[in-house]
Each structure stands twice: as C-alpha cells, then as structure tokens.
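Student: the following comprises the amino acid sequence and a computationally predicted model.
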Amino acid sequence: MSEEKIKGKITIIKNGPYEVSGGVSIYEKVIVPKGRGYELRDGRELPQEENYALCRCGKSKNAPFCDGSHRTKGFSGEETASRQKYHDRAERIEGASVDLLDDGRCAFGRFCHRQNGNAWELAEASAEGDNRQEAIRAATECPAGRLTAVDKDGTEHEDDYAPSIEIVQDPERRVSAGIFVKGRIPIVSADGVEYEVRNRVALCRCGESEDKPFCDASHVTTRYQDRNS
Ligand code: FES
C-alpha cells in the first residue's frame, strides 16, 4: 500500500478527540484467546462515515465516538510520547536466525504470544523447527508496532494492511482496549506536527495513558469499559 493512495487522516484535537477524515473504515474487534495465543474477531458493526470524531478522554457515553464530554470532564490530553523515529528508539534484540526491533511501546494486545512461546523466546530459538516463522508472526501481529522482525540482512517483515481503524474490546480482561490504527494512516498532533507514519500503531482512548497519544495499556489498570462510561 503506497502512501500516495491514503487519503485518510487522524488529527488530534487539543484536550479533545481524534478527528478522522477521508472515509477511513472503522470496525470493532474483540481479542479472543486461541490456544496459547490470541486472535482478533469481529465485534458489533459501527457506522461508516466520511468524517468522525473518536473519543480520546474515555468519558463519552457514545463511545467510541466523542459526545463532547471531554469539555465538561476537564480532560487534559497533553501529548507526551517521544517523537523520535521508531528506528532510533527501538533496541535490536538478536535471535538465532531472526532479530527483533523492540521500542517497548506496549498496548497489551498479547499477539506476541504464540503456541510455543512469546516473540522474544521464539526469536532466540529461531534456528529450530518453525520458530522463525512463528517469531515473525508474533512480531508482525503486534498492533502497537512495538515489535518488528528483521532478517540478518536487514530485511524487515511487515504485513500489507488497508488503512483502517479498529476499536478494540478485551473481554478476557473485562476491559475495553485501545484503537488499533493500521495501514500507514497519517496522525497529526494537536500542535500540527505529523507523527512518523507507521503501518501499525495503537492509540489511547481511555484518557489515562502516560504516553499519549499512544496506548500504554493503562486501560487494564484503570479498568476502562467504554459501554459503562
Ligand atoms: S474526547 Fe470527546 S467525549 Fe471523549
């Protein structure tokens, strides 16, 4: 998917919602255990609009959409995340036949867990059996974009996603999770500066992340549930 074809955009409003323009498809997805790993299944249908505003404060009574509650609840949505590029932030962890880039930005999606271990264990043992392929899966399915599988010659593994927004539920933990943004959709800060465009990124929607606008799994500790808010 080339960048030129993407007409969608996410613009962050100061102490307010994410404004989505350009007809970006939006879906609800549910994290479901599968063996010792996880998969995403379809949730309820959401309306498809050319432009829409997604709640960022965690207080909307019409989640995932903004209902204006951020104004009355005194939401402080200051963007505190590093703006260094991924390759400058990420550590390279050597495995036997495949390495991992890891920037530590975790949205608690748990797709790094596979049947025979997690991404780090699988990369370390990637000379054996199907561990190499499994390590690559574990990294490429990380919705936060924290992990990237890299061959020894520097080739990076990345799935090709159509631009889309996924509103995520996590019933195993009895919480609502973040917003998975796939397919290189540009995200523009409230100060007008565009974040590094990435194929996978997870945005906070509980309002509690300390790494705004990105999800840092605070929805788990704060027990965020979008339908009871
Ligand atoms: S950002 Fe508007 S209601 Fe949450």
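Tutor: Received it, and whenever you're ready, just let me know what you need. Numbering: from 1, shown residues only.

Student: who's in contact with residue 191?
Tutor: residue 79 (C-beta atoms under 8 Å, 6 or more residues apart in numbering). Backbone N, C-alpha and C define where each C-beta goes, glycine included.

Student: can you tell me how far it is from residue 17?
Tutor: Distance, residue 191 to residue 17, by C-beta to C-beta, to the nearest Å: 16 Å.

Student: for residue 133, same thing?
Tutor: Applying C-beta to C-beta to residue 133 and residue 17 gives a distance of 39 Å.

Student: for those two, indicate the residue with more neighbours.
Tutor: Ranked by neighbour count (other C-beta atoms under 10 Å), residue 133 and residue 17 place residue 17 first, with 25 against 15.

Student: for residue 228, give me the pLDDT.
Tutor: Each residue has a pLDDT score; the one for residue 228 is 54.

Student: please renumber so the chain begins at 40
Tutor: In the new numbering, first residue 40, that becomes residue 267.

Student: can you list the buried residues in the top helix by length along the chain?
Tutor: In the chain, assigned by DSSP state H, the helix with the most residues is helix 170-179. Residues 170, 171, 173, 174, 175, 176, 177, 178, 179 are the ones in helix 170-179 that count as buried (16 or more other C-beta atoms under 10 Å).

Student: got a list of what the residue nearest to the spatial centre of the chain touches?
Tutor: The chain has residue 241 as the residue nearest its centroid, 2.0 Å off, counting by C-alpha atoms, centre = their mean. Residues near residue 241 by C-beta under 8 Å, 6+ apart: 144, 146, 148, 182, 183, 184, 217, 218, 219, 220, 253, 254.

Student: count of neighbours near the fifth one?
Tutor: Applying other C-beta under 10 Å, we find 26 residues neighbouring residue 183.

Student: doesn't it fall inside a strand?
Tutor: No - Residue 183 sits outside any strand when classified using DSSP: H, G, I helix; E, B strand; the rest coil, being coil.

Student: for it, give me the backbone phi and psi.
Tutor: With angles defined as degrees, to the nearest 10, residue 183 sits at phi -80, psi -10.

Student: and the residue nearest to the centre of the chain, which of the three is it?
Tutor: Per three-state DSSP, residue 241 ends up strand.

Student: if it is in a bridge, with which residues?
Tutor: Under DSSP bridges, the beta-bridge partners of residue 241 are residue 219.
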